[in-house]
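quick one, structure for this:
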Amino acid sequence: MSHGIFDLLNSYGAELLWPFSRKKITLDMIMLTDPVVLGLVFLSLITSLISPEIARTSSLSAILLSAVYLGLRYLGKIEIRDRLANAYNLEDKEQVKIIPAMYHPFNWNFLLFQKEQVSFGTIRNQVPAICRVLPKVNGDNPSVANALEGNLAEIFNQFTPYYHVIAHYKDNEECVVEFLDLRYWAKGDFIYTGNVYLTLEGEISHEIFHPLPNQKGVQLSY
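Next up, the predicted model:
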């Protein structure tokens, strides 16, 4: 149960509607390694081991302090979401998603789902900055539709609640559909990516998952 709660709180998400749906639901509150929550849990555990007679009090205190911390995080997240919606002239606040920043537990990243594009940005010292602007892809494109039925798409569907696809066309008109996990950003790029290579007929030739940037990647088998 605690594992499911952590999945719900972080950007990984939890399949709360399974077996009816495998859609991941996330509150986007913390990274899995949030130092405050983990610190409180660790302190409570050490206290319980040293003084078993106050183990219950220690556990309840850790839960209460974690709840206060998460409440403050939530209020800050809502304030940032509203500020970004106003700054980028977005009528619907649901077009803004605030997600925890990797390696920066007290900062945030954000996604702007605009009409023609999806923008990824970071917030450092309360200052937002756009890092990548990604074009929206026509889902009616046969090559993209086929790529979304492949093994790589299944991995991303199960792996992340936020991913984006981009269609790249080569000179010979072959298509490469790039998958991007929008949650994790480091050193100027998204960490988890993948490519689906399609033939001139729009059929999948092969698929490669990149668990780390600038690495050869893993070819998926059928």
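
okay, Ala186: pLDDT?
Reading off the confidence values, Ala186 has pLDDT 86.

for Ile78, that is, sorry about that
As summarised for this prediction, Ile78 has a pLDDT of 94.

which positions in the strand or helix carrying it come out as buried?
Secondary-structure assignment from DSSP states H and E places Ile78 in helix 55-87. Buried residues in helix 55-87, defined by neighbour count with 16 or more other C-beta atoms under 10 Å: 58, 62, 65-66, 69-70, 73, 77, 80-81, 84-85. Where C-beta positions appear, they are placed from N, C-alpha and C, glycine not excepted.

packing partners for it?
Counting contacts by 3 or more C-beta pairs under 8 Å, 6 or more residues apart in numbering; DSSP states H and E, the secondary-structure elements packed against helix 55-87 are helix 35-50, strand 96-101, strand 104-113.

this structure - how does it break down into domains?
For the chain, the structural domains run 2-134, 137-219, going by automatic domain parsing.

just the CA atoms of stretch 142-154, as PDB, please.
Taking only C-alpha atoms (Å, rounded to 0.1, in the frame of the first residue of the first chain), the coordinates of stretch 142-154 have been written out as PDB:
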ATOM      1  CA  PRO A 142      -0.900   6.600 -40.500                       C
ATOM      2  CA  SER A 143       2.800   6.200 -39.600                       C
ATOM      3  CA  VAL A 144       2.200   7.900 -36.200                       C
ATOM      4  CA  ALA A 145      -0.900   5.800 -35.700                       C
ATOM      5  CA  ASN A 146       1.100   2.600 -36.400                       C
ATOM      6  CA  ALA A 147       3.900   3.700 -34.100                       C
ATOM      7  CA  LEU A 148       1.400   4.200 -31.300                       C
ATOM      8  CA  GLU A 149       0.300   0.600 -31.600                       C
ATOM      9  CA  GLY A 150       3.900  -0.800 -31.300                       C
ATOM     10  CA  ASN A 151       5.900  -2.200 -28.300                       C
ATOM     11  CA  LEU A 152       7.600   1.100 -27.600                       C
ATOM     12  CA  ALA A 153       4.300   2.900 -27.200                       C
ATOM     13  CA  GLU A 154       3.200   0.200 -24.800                       C
END
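
okay, which residue is most central for this protein?
Nearest to the centroid of the C-alpha atoms of the chain, with distances taken as C-alpha atoms, centre = their mean, sits Arg183, at 2.9 Å.

and it, how far from Tyr192?
Counting by C-beta to C-beta, to the nearest Å, the gap between Arg183 and Tyr192 amounts to 8 Å.
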